[in-house]
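Engineer: predicted structure and sequence below. I'll ask about it afterward.
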Amino acid sequence: MHAHKLNRCRGQVSLEYVVVVGLVLAACVPVWLLAQDRISSAQTELDAATAQASVDSLVKAADWAALSGYPARRTVDIELPHSIEAALVEGREVRIIFRGSSGLTEAYGVSEANLTGAIPTGGLKAKLVVAASESQPGNVTIGLVG
């Protein structure tokens, strides 16, 4: 009879441990979810800052090349966001579109020059040449170095 009473106490202690572990896990899940949300938001902000800095450097180089005229050319190193969807050079606009925590997000810049060319989306870093056009004053071409 003494052994039966001892097993019953062990069972009760095990049940209490399971309850305590369950409560600790239940308290940790919201903290983990909040941390994941903050990390995702921080990554989106970092991607936005990276994309905007790249767009700004391209627009600045394009404006300089257009004002300087042919044979002005400048090499620009840019970084692209981890979640890049597209990079566009159209008319006077430079746009980098990437996926953020709340969907598609865009970094955008407008140049004084008419722009042609492309920005590669294959890597996270690119070395681009921004050059004034010889045949069409005021036009600037953006492309890969090489």
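Structural biologist: Noted; the coordinates are in hand. Numbering: from 1, shown residues only.
Engineer: identify the bridge partners of the nearest residue to Ala48 once chain neighbours are set aside.
Structural biologist: If the residues on either side of it in the chain are set aside, Ala48 comes closest to Thr105, at 6.1 Å by Cβ to Cβ, 6 or more residues apart in numbering. No exception for glycine: its C-beta is placed from N, CA and C like everyone else's. Beta-bridge partners recorded for Thr105 (DSSP bridges): Phe98.
Engineer: wait, Thr105 touches Ile97, no?
Structural biologist: Yes: assessed by Cβ atoms under 8 Å, Thr105 is found in contact with Ile97 at 7.3 Å.
Engineer: for the strand or helix carrying Thr141, the distance to its chain's centre please.
Structural biologist: Taking DSSP states H and E as the criterion, Thr141 maps to strand 139-144. In this view, strand 139-144 has its centroid 24 Å away from the chain centroid, taken as Cα atoms, centre = their mean, to the nearest Å.
Engineer: that strand - contacts with which helices or strands?
Structural biologist: On a contact count with 3 or more Cβ pairs under 8 Å, 6 or more residues apart in numbering; DSSP states H and E, strand 139-144 meets helix 2-68, strand 114-117, strand 125-132.
Engineer: what's the burial count for the residue nearest to Ser57 when sequence neighbours are not counted?
Structural biologist: What sits nearest to Ser57 in space, not counting adjacent residues and going by Cβ to Cβ, 6+ apart, is Val76, at 5.3 Å. Neighbour count of Val76, defined by other Cβ atoms under 10 Å: 17.
Engineer: list the strands paired with the helix or strand containing Val76, with their directions.
Structural biologist: Using DSSP H and E, Val76 falls within strand 73-79. Note on strand 73-79: by DSSP bridges, its sheet partners are strand 125-132 (antiparallel).
Engineer: in the strand it pairs with, which residues are buried?
Structural biologist: Buried residues in strand 125-132, counted by 16 or more other Cβ atoms under 10 Å: 126, 128-132.
Engineer: pLDDT check: weakest of the residues you listed?
Structural biologist: pLDDT across the buried residues of strand 125-132 is lowest for Ala126, at 86.
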